[in-house]
Structure formats: C-alpha cells, structure tokens
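Peer 1: model this:
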Amino acid sequence: MSWPSGLLYPLVRRSLAQQLTLLALLPAAVATLIVTAVLTREYLASVTDLIRANAQTVGLQVANQAMGPLAKTDRRALMEAAQLGSMQPHVRLVQIWSEDGEILASARGIAASGGSALRSVLPVVSSNGAPLGKVMVEVNLQAVAAARKSIGVTVALVLAVCLLAVSLAGRWAARHITAPIRALGEAVDRLGVGEEARVAVKGAAEVRHLQRGFNQAAGALLTSQHTLQTRIHEATAELERKNLQLELASQAKTRLLAAASHDLRQPLHALTLFADGLAKGETDPVRLQRAVHIQECVESLDLLFSELLNLSQLDAGVLQPQWVEFPLDGLFDQVSRNFRAVAESQSLRFVVRKTDAWVRCDYVMLSRILNNLVTNALRHTTEGGILLAARQRGERVLIEVFDTGVGIAPQHQARVFEEFFQVEPQHRDHSARCPRGMGLGLATVQRLAVLLGADVALRSALGRGTCLSIGVQGVMQPKDLASSGVALAPAQAGASLAQPDETADLHGVRILVIDDEPSILEGLQLVLSGWGAVVLVAQSRMEALALADGWTSPPDVVVTDLLLQGGDTGLEVLSALALHPNGIGPETARILVTGETHADRLREVAKADIVVLYKPVAPRVLRSTIASQLDALGAMA
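Peer 2: Numbers count the residues shown, from 1 in each chain. From the prediction side, this is the model:
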C-alpha cells in the first residue's frame, strides 16, 4: 500500500522522530483545546450565574427594605436602602423606581465602572399584591472578564507544556523507548474517564520532562474539575436556601392573611349588625340612603373577605365534593337571580340561556365557580353584557361565561389563575357594585375545578371580551334515568335548593348569644330584638353557665363565637351547656359564628357538625339560618 501523494509527501520524507512528534502533536493539541474549552466555558458560565444570582439577591433585599418607604414615598429611607445594596460585591449601581418609572433613589456601588454589566430589575409589591415600584441592580462583569483572561493564559501555558511534552515523547519513541509512552497512554485513558492519573518520572531527561508536564496538566484539569464541582454544590445549596426562604415567605403570608382576616372580621361583623339596625324604623330619606350606602360598602367588604375564606378552606382541605345529580337549569336560575340586578345597575345585559342538561357534580362548589366567573365578568365589562350558557360535549357538559369586556392580553392569560394576580382594567367604573377584589376569584375557581375533576379553559382577545369555560360530568336526562333504573339523588327533590327565608317570624324565640366582643353583642342584641326575639347575652363560659343556673327552660337557639375569652372556644362552651343540669338539649339549635381562616381552625370547625357562619354575617343570612334550624328541629321532633 503506497502513501498518498500531495500534502502528505513531505511528511513521509521526515525522520521517524519528526513524524511521531508531528503525529502526536496534532491530536494532543486538539484534545487539550476541546477539554480546556469545555471546562473554561462551564467555569465562566458558573461565575456569570453566581454574579447574576448575587444581583437578584441584592435586588430582593433592597425590594424588601423599600416596600414600606415606597408606600410612603420616603426618599431618605429609599436612598438608605439603595446605598446598603450598592455596598455589596460587584454591584455598580442600585436604583429604586416608582411604578411610573421615576427614579426615587440611586446609589453607585464599589464596583468599578466601565466594561460589560448585567442588570436585574425586580418588582416591589405590597403585602396585598399591589405594585409599588421596581428595584434595578446593575452588577459589573469585570470578574468574568478577569477570569476569562486568567484562564486564557493558563490554557496557553498548559497547551504549551503539553505540546512540548508530546514532542519529547516522539523523540524518545524514535529511539525505541516505547514503554513510557505506553504508560503515558494508559494514564491518558484514566484521565479521560475522570480518574486521577499520574505517571512515574523516570528515564531520560526528555521523557521525565514529558511525564512531569503530563502530571501538571492532569493536576490542573482535576483542580478545575474539583473547582467546578464545588461551584455546583455551592449553587445548589444557594438554590435550596432560596427555595426555603420562599417556602417560609409563603407560610408567613398564609399566617398573615389568617390573622388579618380574623382581626378585621370582628369589627366588620359588628358594623354589619349596626348598619342593619340603622335602617330599621328610619323614615328620613337622607339617613335611609346613607344607611343603604353603608350596607353596600359592608357587602363589598364581605365579598373580599369571602375570597380569602374560600382560599383558606381549600388550603385546609376541609372542602370535599358532595356528588349529586341535578338539572343545570336550576343552578342557572339561581345565578340569574343573584346577578341580574347587579348587571342592570351597571347598564349591562345578563343573558342566561335555558338548558335541559343534567350534571353530576357538587352543587355548592359548582355554584361558587359560576358565581366567581360571573363576578369576574362583571368587574371587567363596561358595556355590552354577559352570557351564561351550556352545551353537550360527548359525556361532558361545557358551561361557558362570555363577556364583552376589555379582554386579557396573551402575556397575562397564563397567570390569571394565580393567587393575587390581577389585570388592571383600562376603564374601570368605580361606582360599580362589584368590588375589584384581590385576585383570588379565578384562583379559587381553579382549585375547586381540581377537586371536581373539571377542566377550566380561557379564550380572550383585547377589546373583544373573554370566554371562561368549565367542563363537568354530564348525566342522562330524567326519562333515560327512569328507563335505565338509575335513581336520582334525594337532594334534587327541590327543597335543598330553595331560597332562604329572609323574613321569617322570630317573635318570642329565645336566643342565647355568646361573644367576647361587647360591640358584637350589642349589635346582635339590637338586630335580634328588632325581629321580636328574646335575647340573652354572655361574654364567656362562666356568664353562660350563670345564665343556665337561672333560666327555667333552655333557649331555642344558641349563637356563639368560635374564639372566646381565656382560650375558650364556642364548641367547648356548647359542650359545657349540654352537660349543665338546666342546659341545652337536642331540641336547641346551635349556630357557630367565626372569623377564623387558619387551616387548623377550619378543620376543627368542619369536624364539629354544627352550622357555621363566617363573619361578617349579613342579618338576612343570620335570620334565615336561625329559621331553617328551628324548622329542621321542629320537623325532627
């Protein structure tokens, strides 16, 4: 077999030492360049990621410190927060912007100016999710440039040493000294699989030089590998720390919402009762109109707190579907009654199409979903109207809510089901009776849909409106059910879906009210007395038991708060009254009223099997609940 002519011919004419040296230099140089290039790229990428993570960490720290000053536009405090952030390593510039882009504070860092830089912009939001401004952190990438330059010099030196060592090895091989080369080849193989590889330094000076150069290169590569692994471990640990901080922040948010909701529900509940009392017997049109405005404001606040409560109940896992089969048209009628007047007050049309579809679902959960979807449509529709309709899709029924509102931009459509995320409406009517809310309505819809195994979908276009749909399990119509022998759920007889009686006669009904808030006791006494009831009040277990010592017959109804003085709960007081010789018995209706949203408390209430009303309780709801409980006990008797 003859050697090819052309470019290889001069190589053939070289000496054996030169041929071996040249043939060894080429693959060694290529392999060294590839390995060093890969390792260098990974190292530089890790340095850049660490600087970027540092910028985001500094931004989060400055954002947390600037939250309060941004809300108050305290420029001095904002400047202090910016200066504190600028003192961090690699930070070139820290700026705090207002929501409209105004620079409220700016501080230059200790990092040198010039050269490439990296910016990180983080939003600053209040505890209720409202945007306050932004924090911009600019970090210097000089460290990356310095690392690149240092690695370049190191790579050049390592490559030079390797090439020199290969050249010496070729000469030695030409002198028939192949054993060290074979040992070196084996060492290279070990290095290629990530093992530590060193060769014994022996033989001629040139061979020893090659062996020492290889050992140095292998040591440098192993050092780089260990450095990269250390960086990876550090980055992983940092990520775990950040995740832990996010989890702790989420838990703190839940505790804050629960505490704030409970503390605010107490005075709001009292306000609800006093507002209803203001309208009783009032004949002055001006004062009566003011009382109506107060009641509307209280109802709006009640809707906001209900969103928090619904989410807390879902977090606590106390809501479980109660599967029944019912005609969808009855639920549509209820939604129509709830929102038609609201739509008309906003000069909107609310159309509910008749349907003969039956579904298998939880009636209350599906009702809550449709109420949230219609409320969301009313909040974002300024003209036109809303359509509620259903259609059969195979074995499922697709329920759709259309609106002619402002629509949702494509970049926001994936986030509207997140907690506390809201799309700012372009033309909001502040006189509308539907409050803006806190961005929990669609998040609640999503969680309820998961419990029901339902599919939620969204279609929207800016300026053309939105369609939100939910697919639920359909069932056969009544005639098919009868022929197939499938029994309808007893709950569909109609009684369970009846509207509450808001004008029930409570004249002469004896009601014991237990609450440790004097204002709530006064408000309940005012409202219940206005309905003709005989009211007994107590602030603690001791006062309730003292009343039991003196009464000749137990009250017809006990309305108690959940949390009372001295760590007592309403459930414990009810148990103590049941054990009292003159206490309450099975014929006494029990109603628990609470403003708690904490998961443990909600689970405790759910296990009690007692009617629960969540503060603030509208007087009409309280009246209808008392009446329904008395009717139920009368029917049982």
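
Peer 1: so where do the strands sit in the stretch 51-200 of the chain?
Peer 2: Using DSSP state E, counting those that start in this stretch, the strands of the stretch 51-200 of the chain run over residues 91-98, 103-108, 117-125, 131-140.

Peer 1: of those strands, which is nearest Val30?
Peer 2: Comparison of these against Val30 by Cβ to Cβ identifies strand 117-125 as nearest, at 33.3 Å. Glycine gets a C-beta too; all of them are placed from N, C-alpha and C.

Peer 1: can you tell me the SS state at Cys586?
Peer 2: Cys isn't right for residue 586; it's Pro. In terms of secondary structure, Pro586 is coil; the call rests on DSSP: H, G, I helix; E, B strand; the rest coil.

Peer 1: for the strands of the stretch 51-200 of the chain, which one sits closest to Leu579?
Peer 2: Nearest to Leu579 among these is strand 117-125 (50.8 Å), distances taken as Cβ to Cβ.

Peer 1: coming back round to it: need the strands of the stretch 51-200 of the chain in JSON lines with mean neighbour count, distance to Ala461 and mean pLDDT, can you?
Peer 2: Converted to JSON lines, those look like this (neighbours: other Cβ atoms under 10 Å; distance: least, Cβ to Cβ, whole Å; pLDDT from 0 to 100):
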{"stretch": "strand 91-98", "mean neighbour count": "23", "distance to Ala461": "31", "mean pLDDT": "86"}
{"stretch": "strand 103-108", "mean neighbour count": "18", "distance to Ala461": "36", "mean pLDDT": "86"}
{"stretch": "strand 117-125", "mean neighbour count": "16", "distance to Ala461": "26", "mean pLDDT": "84"}
{"stretch": "strand 131-140", "mean neighbour count": "22", "distance to Ala461": "25", "mean pLDDT": "86"}
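
Peer 1: would you turn those strands into a markdown table with distance to Asp549?
Peer 2: Putting the strands of the stretch 51-200 of the chain into a markdown table (distance: least, Cβ to Cβ, whole Å) gives the following:
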| stretch | distance to Asp549 |
| --- | --- |
| strand 91-98 | 64 |
| strand 103-108 | 65 |
| strand 117-125 | 55 |
| strand 131-140 | 57 |
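
Peer 1: mind checking the ones you listed for the one nearest to Val558?
Peer 2: Each of the strands of the stretch 51-200 of the chain was scored for nearness to Val558 using Cβ to Cβ, and the closest is strand 117-125 (43.5 Å).

Peer 1: and that closest one, how far out from the chain's middle?
Peer 2: In terms of Cα atoms, centre = their mean, to the nearest Å, the centre of strand 117-125 is found 21 Å from the chain centre.

Peer 1: so that strand versus strand 91-98, what angle?
Peer 2: Orientation check (axes from the mean of the first three to the mean of the last three Cα atoms, to 10 degrees): strand 117-125 against strand 91-98 gives 30 degrees.

Peer 1: elements contacting strand 117-125?
Peer 2: When contacts are defined as 3 or more Cβ pairs under 8 Å, 6 or more residues apart in numbering; DSSP states H and E, strand 117-125 sits against helix 16-72, strand 131-140.

Peer 1: tell me the strands beside the shortest one, with direction?
Peer 2: Pairing partners of strand 131-140, with direction, according to DSSP bridges: strand 91-98 (antiparallel), strand 117-125 (antiparallel).

Peer 1: sorry, back to before: pick the most deeply packed of the helices and strands packed on strand 117-125.
Peer 2: With neighbours defined by mean count of other Cβ atoms under 10 Å, none of those is more surrounded on average than strand 131-140, at a mean of 22.

Peer 1: I'd like the helices and strands packed on strand 117-125 as TSV, with distance to Leu164 appended.
Peer 2: Listed next are these as TSV, based on distance: least, Cβ to Cβ, whole Å:
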stretch	distance to Leu164
helix 16-72	10
strand 131-140	37
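
Peer 1: so where do the helices sit in the stretch 451-600 of the chain?
Peer 2: With DSSP state H, counting those that start in this stretch as the definition, the stretch 451-600 of the chain shows helices at residue ranges 478-484, 518-530, 541-550, 570-579, 599-607.

Peer 1: which one of these lies closest to Ser120?
Peer 2: helix 599-607 (35.0 Å).

Peer 1: next helix or strand past that closest one?
Peer 2: Counting by DSSP states H and E, the element after helix 599-607 in chain order, helix or strand, is strand 611-614.

Peer 1: can you tell me the strand partners of that next one and which way each runs?
Peer 2: As assigned by DSSP bridges, strand 611-614 forms pairs with strand 589-594 (parallel).

Peer 1: thinking again about what came up before, export the strands paired with strand 131-140 to TSV and tack on distance to Glu344?
Peer 2: Shown next, in TSV, are the strands paired with strand 131-140 (distance: least, Cβ to Cβ, whole Å):
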stretch	distance to Glu344
strand 91-98	40
strand 117-125	36
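
Peer 1: what's the neighbour count on Ala457?
Peer 2: Counted by other Cβ atoms under 10 Å, the residues lying close to Ala457 total 11.

Peer 1: these two touch, right, it and Gln446?
Peer 2: No: with contact defined as Cβ atoms under 8 Å, Ala457 does not reach Gln446; the gap is 11.2 Å.

Peer 1: re the thing from before, tell me which of the helices and strands packed on strand 117-125 sits nearest to Val534.
Peer 2: Each of those was checked against Val534 via Cβ to Cβ, and the shortest separation belongs to helix 16-72, namely 49.3 Å.

Peer 1: re earlier: hey, least reliable of the helices and strands packed on strand 117-125 by pLDDT?
Peer 2: Comparing mean pLDDT over the helices and strands packed on strand 117-125, the weakest stretch is helix 16-72, at a mean of 76.

Peer 1: that helix: how far from the chain's middle?
Peer 2: Taking Cα atoms, centre = their mean, one finds the center of helix 16-72 at 33 Å from the center of the full chain.

Peer 1: how many residues are close by Ala632?
Peer 2: Residues lying near Ala632 (other Cβ under 10 Å) number 12.

Peer 1: residues touching it, list them.
Peer 2: For Ala632, the residues meeting the contact criterion (Cβ atoms under 8 Å, 6 or more residues apart in numbering) are Ala589.

Peer 1: report the secondary structure state of it.
Peer 2: At Ala632, secondary structure determined by three-state DSSP is helix.

Peer 1: list the contacts of the closest residue in space to Val611 that isn't next to it in sequence.
Peer 2: In space, and not counting its chain neighbours, Val611 is closest to Ile591: 5.1 Å by Cβ to Cβ, 6 or more residues apart in numbering. Under the criterion of Cβ under 8 Å, 6+ apart, the contact list for Ile591 reads 557-560, 610-613, 625-626, 629.

Peer 1: if we use 7 Å, what do you get?
Peer 2: Taking Cβ atoms under 7 Å, 6 or more residues apart in numbering as the definition of contact, the neighbours of Ile591 are 557, 559, 611, 613, 625-626, 629.

Peer 1: among these, which two are most distant?
Peer 2: Greatest spatial distance in these: Val557 and Leu613, 12.4 Å, computed using Cβ to Cβ.

Peer 1: hmm, back to that, go through the strands paired with strand 131-140 and name the closest to His233.
Peer 2: Among these, the nearest to His233 by Cβ to Cβ is strand 117-125 (23.3 Å).

Peer 1: identify all contacting residues around that closest one.
Peer 2: Against strand 117-125 from outside (Cβ under 7 Å, 6+ apart): 51-52, 55-56, 59-60, 63, 66-67, 70, 92, 131-141.

Peer 1: domains in this protein, by residue range?
Peer 2: What the record gives for the chain is the domain set 11-43+145-248, 51-141, 323-484, from automatic domain parsing.

Peer 1: which stretches of the stretch 401-550 of the chain have low pLDDT?
Peer 2: Where the stretch 401-550 of the chain drops to pLDDT under 70, the residues are 411-441, 477-503.
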